[in-house]
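Visitor: sequence and computational prediction follow.
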Amino acid sequence: MQINDTDDHVAAVRAFNRFYTRKLGVLDQHLGKSPFSLSEARVLYELAHRDDLAAKEIGNELGLDPGYLSRIVQSFDEKGLITRRPLPADRRQYQLSLTAKGRQTFAKLNLSSQNEVAAMLAQLSASDASRLTQAMATIESVLEQRRTQPAAFMLRSHRVGDMGWVISRQGAAYAADYNWDISYEALVAEICAQFIKNYDAAREHCWIAELGGEPVGSVFLVKATDEIAKLRLLQVEKKARGLGVGRALVEQCIQGARERGYSKMTLWTQSILVAARGIYKSAGFKLVVTEPHHSFGQDLIGETWERDL
């Protein structure tokens with residue numbers, strides 16, 4: 001590559017960066033209408049999608065100055081958005097997790113950002129929007145470094161002992177991540193009990209994800225009506241997140257519903273379950289109903305999603 005070509009390419013990339021940051025409004029003091037800077041929003045995003053991260057990992061991933069990251073972490077801690085636990089191997093380093101308040105805060109920020117981007121895309125024709133996203137995919141694929149091959153997992157049918165595991169892990173996970181009380185564990189126990197008592201193999205099923213011979217996720221396909229199937233109790237263990245387990249479970253559930261003759265599928269979730277909502281949306285589900293409610297010791301927004309099969 002000639003020097004002049006290099007200079008031209010550098011100038012083009014810098015010009016695009018200036019245009020794009022201006023277009024998204026990230027040069028403002030805060031991201032959109034939120035109280036968070038772009039860097040703070042990125043830290044929240046990482047914590048919402050990757051569990052129990054060390055502060056140093058986030059800094060390395062985002063390229064943040066350690067002092068600046070420390071101030072962000074301190075601010076989040078003071079606002080009750082995160083918990084900090086010293087790492088056993090190095091007590092000078094902290095493991096960070098979002099609190100229930102932190103997850104609710106991220107859900108609001110994520111929805112606001114999604115609406116802003118949707119408004120920008122609404123000004124484009126369908127063909128222009130497709131060209132834009134394809135160009136973005138090209139940029140990402142060219143600049144992204146190769147990642148290591150993810151660990152292999154498998155899906156299997158449920159067997160004796162799995163219902164107890166589902167109940168235990170669902171109750172513990174939602175208590176830890178969202179501060180839900182034991183009434184949620186009771187609900188899961190009722191669902192599992194009814195599934196076993198009334199199990200109709202021709203119309204229902206449960207899939208368990210395994211990694212290294214251990215269960216790491218689950219999903220249920222149950223009958224709502226003769227025509228409508230219901231997806232229930234999707235859950236993925238922290239150690240298996242980021243491997244595509246949740247997406248594989250949902251896709252298997254959809255395929256299982258088709259094979260069993262259903263014409264539509266529905267599910268009920270909560271607005272704060274950001275990762276699950278993303279999986280549902282990418283799998284073709286559409287949000288049809290929202291309803292505020294108080295359950296499991298928390299004020300929540302329930303959501304019903306549906307898709308045709």
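Guide: The structure has been received and is ready for your questions. Numbering: from 1, shown residues only.

Visitor: list the contacts of residue 305.
Guide: Residues counted as contacts of residue 305 (CB atoms under 8 Å, 6 or more residues apart in numbering) are 266, 267, 268, 269, 280, 285, 286, 287, 288. Any C-beta I mention is one placed from the backbone N, CA and C, and that applies to glycine too.

Visitor: any idea which element the closest residue to residue 262 other than its chain neighbours lies in?
Guide: Take residue 262 and drop its neighbours on the chain: the residue closest to it by CB to CB, 6 or more residues apart in numbering is residue 229, 4.1 Å away. Using DSSP states H and E, residue 229 sits in strand 228-236.

Visitor: residue 249 reaches residue 233, doesn't it?
Guide: No - using CB atoms under 8 Å, residue 249 is not in contact with residue 233; the gap is 10.1 Å.

Visitor: ok so, going back, immediately after the strand holding residue 229, which helix or strand?
Guide: Using DSSP H and E, the helix or strand that follows strand 228-236 towards the C-terminus is helix 245-259.

Visitor: ok, back up a step: what's across from the residue nearest to residue 262 in the sheet?
Guide: For residue 229, the beta-bridge partners are residue 223, residue 265 (DSSP bridges).

Visitor: list the helices and strands the strand holding residue 229 packs on?
Guide: When contacts are defined as 3 or more CB pairs under 8 Å, 6 or more residues apart in numbering; DSSP states H and E, strand 228-236 packs onto helix 162-178, helix 182-197, strand 214-223, helix 245-259, strand 264-270.

Visitor: could I get those as TSV with mean pLDDT?
Guide: TSV is the format used below for these (pLDDT from 0 to 100):
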stretch	mean pLDDT
helix 162-178	95
helix 182-197	96
strand 214-223	96
helix 245-259	93
strand 264-270	96
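
Visitor: quick check: which of the ones you listed is buried the most?
Guide: strand 214-223 (a mean of 21; mean count of other CB atoms under 10 Å).

Visitor: can you give me the end-to-end distance of stretch 201-217?
Guide: One end of stretch 201-217 sits 20 Å from the other (CA to CA, to the nearest Å).

Visitor: returning to what we had before: which neighbours do residue 249 and residue 233 share?
Guide: The contact lists of residue 249 and residue 233 share 218, 219, where a contact means CB under 8 Å, 6+ apart.

Visitor: circling back: biggest separation within the contacts of residue 305, which pair?
Guide: For those, the farthest-apart pair by CB to CB is 268 and 286; their separation is 13.9 Å.

Visitor: and residue 119, that's in a strand?
Guide: No - under DSSP: H, G, I helix; E, B strand; the rest coil, residue 119 falls outside any strand and is assigned helix.

Visitor: burial of it, as a residue count?
Guide: Using other CB atoms under 10 Å, residue 119 has 9 neighbouring residues.

Visitor: and the gap between it and residue 278?
Guide: Using CB to CB, to the nearest Å, we find residue 119 at a distance of 19 Å from residue 278.

Visitor: tell me which of the helices and strands packed on strand 228-236 sits nearest to residue 49.
Guide: helix 245-259 (11.4 Å).

Visitor: ok, residues contacting that closest one?
Guide: Residues outside helix 245-259 that contact it (CB under 8 Å, 6+ apart): 153, 155, 205, 207, 209, 211, 216-221, 229, 231, 234, 236, 265, 275-276, 279-280, 282-284, 307, 309.

Visitor: mind checking which of the residues you listed are buried?
Guide: Among these, the ones that count as buried by 16 or more other CB atoms under 10 Å are 153, 155, 205, 207, 209, 211, 216-221, 229, 231, 234, 236, 265, 275-276, 279-280, 283, 307, 309.

Visitor: grab the nearest non-local neighbour of the residue positioned nearest the centre of the chain.
Guide: For the chain, the residue nearest the mean C-alpha position is residue 275 (1.4 Å; CA atoms, centre = their mean). When the adjacent residues along the chain are set aside, residue 275 lies closest to residue 49, with 6.1 Å between them (CB to CB, 6+ apart).

Visitor: thinking again about what came up before, make JSON lines out of the helices and strands packed on strand 228-236 and add distance to residue 21.
Guide: Formatted as JSON lines, these follow (distance: least, CB to CB, whole Å):
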{"stretch": "helix 162-178", "distance to residue 21": "33"}
{"stretch": "helix 182-197", "distance to residue 21": "42"}
{"stretch": "strand 214-223", "distance to residue 21": "38"}
{"stretch": "helix 245-259", "distance to residue 21": "31"}
{"stretch": "strand 264-270", "distance to residue 21": "33"}
